[in-house]
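Quick one: sequence plus predicted model below, questions after.
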Amino acid sequence: DAGVTQSPTHLIKTRGQQVTLRCSPISGHKSVSWYQQVLGQGPQFIFQYYEKEERGRGNFPDRFSARQFPNYSSELNVNALLLGDSALYLCASSSNPGTGGSVNTGELFFGEGSRLTVL
Amino acid sequence: AQKVTQAQTEISVVEKEDVTLDCVYETRDTTYYLFWYKQPPSGELVFLIRRNSFDEQNEISGRYSWNFQKSTSSFNFTITASQVVDSAVYFCALIPSYGGSQGNLIFGKGTKLSVKP
């Protein structure tokens, strides 16, 4: 079975440009989360989507947006790129959102990420 | 505040040595979940363990073991007889009950483990 797949693997953009990153969750998983991992740091939560609705948002500016499609795949968009947006962007899927403390399995399945470099 | 601290930035050991990775967490919730993830050079995070705040039993899985102590807010991870394949960055993470969800992990900064042959 395919795991979480992300595209593109690597990309280079210049300041001010816009980027779209894509994620396909594991088959049957309805929840997708996005994380930003700056070099040398732990991942930081950006968004969670479940059944096409936003279920959570981290402390990121409005330049960051996301959506989830009927097939549960997801896109992360970042507008007006800054140098500081250079990072590994990780997508994770799970079978349910596990909100309110009902973390059934506690297991998020992560993709290998999209490495964004902003020049 | 909800926070995870991994004070050890990098650890280097020789194969077959035991190594302990420290994790200290902060949360105001009485119900929470703690995790360890492994990140090899490929980038993807690999789930190792989940522990809820009501279960303080230590756990052993092969060469891996975890020591959860609520009294000191610590959730340490020990690898026994380390191997070169254990080389990776290891992250401790927290999901608080209030305002948290399965998709919203709070990660520490990670500990880079290098196991030399």
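Everything's here; your move. Numbers count the residues shown, from 1 in each chain, chains lettered A, B, ... in the order given.

State the pLDDT value of residue 101.
Chain wasn't specified; assuming chain A. Note for residue A:101: predicted pLDDT of 40.

To clarify, I was referring to chain B.
Model confidence at residue B:101 (pLDDT) stands at 58.

Bridged to residue A:48, which residues?
Note on residue A:48: beta-bridge partners by DSSP bridges are residue A:33, residue A:56.

So it sits against residue A:66, correct?
No. If you go by CB atoms under 8 Å, residue A:48 and residue A:66 don't touch, sitting 9.1 Å apart. C-beta: built from backbone N, CA, C; applies to glycine.

Return every residue with contacts to both of the two.
Taking CB atoms under 8 Å, 6 or more residues apart in numbering or on different chains as the contact criterion, the common neighbours of residue A:48 and residue A:66 are A:34, A:54.

And these two? Which one has more around it.
Neighbour comparison, residue A:48 and residue A:66: the larger count goes to residue A:48, with 28 against 22 (by other CB atoms under 10 Å in any protein chain shown).

count of residues packed around the spatially closest residue to residue A:89 that is not a sequence neighbour?
The spatially closest residue to residue A:89, leaving aside those adjacent along the chain, is residue A:114, at 4.8 Å (CB to CB, 6 or more residues apart in numbering or on different chains). A count of neighbours around residue A:114, defined by other CB under 10 Å, yields 23.

Just the pLDDT at residue A:114, thanks.
Looking at residue A:114, its pLDDT stands at 97.

tell me the contacts of it?
A:6-11, A:21, A:88-89.

And the buried ones among the residues you listed, selectable in PyMOL?
Isolation of the buried members of those (16 or more other CB atoms under 10 Å in any protein chain shown) is achieved in PyMOL through the command below:
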select buried, chain A and resi 6+21+88+89
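
when you check the contacts of residue A:114 against the strands, which ones overlap?
A:6-7, A:10-11, A:21, A:88-89 (DSSP state E).

Of those, which pair is most distant in space?
A:7 and A:88 (13.8 Å; CB to CB).

Mind checking what secondary structure residue B:104 has?
At residue B:104 the chain is in coil, as set by DSSP: H, G, I helix; E, B strand; the rest coil.

Tally up the residues packed near it, please.
25.

who's in contact with residue B:106?
A:45, B:2-4, B:93-96, B:100.

same check, this time on residue A:13
A:19, A:81, A:116-119 are the contacts of residue A:13 under CB under 8 Å, 6+ apart.

Contact partners for the residue nearest to residue A:12 when sequence neighbours are not counted?
Closest residue to residue A:12 apart from its sequence neighbours, by CB to CB, 6+ apart: residue A:117 at 4.7 Å. For residue A:117, the contact set (CB under 8 Å, 6+ apart) comprises A:10-13, A:86.

Run through the chain and note the low-pLDDT ranges.
Went with chain A since none was named. A:1, A:96-106 (pLDDT under 70).

Let me rephrase: I mean chain B.
B:97-103.

can you rerun that using 90?
B:1-2, B:28-33, B:41-45, B:47, B:49-61, B:95-105 (pLDDT under 90).

Identify each of the strands in it and give its residue range.
Using DSSP E, strands in chain B cover B:3-5, B:10-14, B:19-21, B:24-26, B:32-39, B:46-52, B:59-61, B:64-69, B:74-79, B:88-96, B:106-107, B:111-116.

Could you do chain A as well?
Using DSSP E, strands in chain A cover A:5-7, A:10-13, A:19-24, A:31-37, A:44-50, A:53-57, A:64-68, A:74-78, A:87-94, A:109-110, A:114-118.
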